[in-house]
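K.L.:
The following block contains a protein sequence and its predicted model.
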Amino acid sequence: MPAGDLFTSDQRRAIDKARTQASADADLDFHVFVGAMDGDPRSEAQRLHIALPAAARAVLVVVDPRARALEIVTGGEARRVLDDATCGLAALSMRTAFAAGDLAGGIVRGLHQLGDHARRPTTLHTDPP
């Protein structure tokens, strides 16, 4: 997560904890990139996503604070549980926090929302009666 001086060490830990928790909850690989994007943000986010290991299972949240750009890119497997509407709601929540000056909190909130939505339901009984 190249974020330079944008975050304190506590904020970086909170983002990493939220990313790790979302990955565990959803059984997907969540990644965060915060920094300047060259060119079209969507194209750059897709380029970064393709380079990730196991891109089909990956969810990439890209934030360019200077350009006020936010992109959420999902791989094929991740897209089965995180559709455009779900990602749009998480992005709206993140943008609201960003507008209030809370970059780290917005990222954490968005990761929690995405992880919660993609969480696999707990199965209480798997044996037939």
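P.N.:
Sure, I can see it. A quick note: this is a predicted structure, and the numbers were derived from the prediction, not measured.
K.L.:
May I see the buried residues of whichever helix in the chain runs longest?
P.N.:
Assignment by DSSP state H gives helix 9-26 as the longest helix of the chain. By 16 or more other C-beta atoms under 10 Å, the buried positions in helix 9-26 come out as 11, 14-15, 18-19, 21-23, 25-26. Heads up, the C-betas are built off the backbone N, CA and C, glycines and all.
K.L.:
Contacts only, for the closest residue to residue 41 other than its chain neighbours.
P.N.:
Closest residue to residue 41 apart from its sequence neighbours, by C-beta to C-beta, 6 or more residues apart in numbering: residue 69 at 3.8 Å. Residues in contact with residue 69 (C-beta atoms under 8 Å, 6 or more residues apart in numbering) are 37, 41, 62-63.
K.L.:
Now rank those by neighbours and give me the top one.
P.N.:
Using other C-beta atoms under 10 Å as the neighbour criterion, residue 63 leads the contacts of residue 69 with 27 neighbours.
K.L.:
circling back to that earlier point, angle of the helix or strand just after the longest helix of the chain against helix 9-26?
P.N.:
Counting by DSSP states H and E, the next helix or strand C-terminal to helix 9-26 is strand 29-34. Using axes from the mean of the first three to the mean of the last three C-alpha atoms, to 10 degrees, the direction of strand 29-34 lies 150 degrees away from that of helix 9-26.
K.L.:
and the helix or strand containing residue 110, how far from the chain's centre?
P.N.:
Using DSSP H and E, residue 110 falls within helix 103-118. Put simply, helix 103-118 sits 7 Å off its chain's centre (C-alpha atoms, centre = their mean, to the nearest Å).
K.L.:
Identify each buried residue in that helix, please.
P.N.:
103-115, 117-118.
K.L.:
got a list of contacts for whatever helix or strand residue 91 lives in?
P.N.:
Here residue 91 sits within helix 84-99, counting by DSSP H and E. For helix 84-99, the external contacting residues (C-beta under 8 Å, 6+ apart) are 61, 63, 65, 68, 70, 72, 74, 103, 105-107, 109-110, 113-114, 117.
K.L.:
The same query, at a cut-off of 10 Å, please.
P.N.:
Around helix 84-99, the neighbours that count as contacts under C-beta atoms under 10 Å, 6 or more residues apart in numbering are 59, 61, 63, 65, 68, 70-74, 78-79, 82, 102-118.
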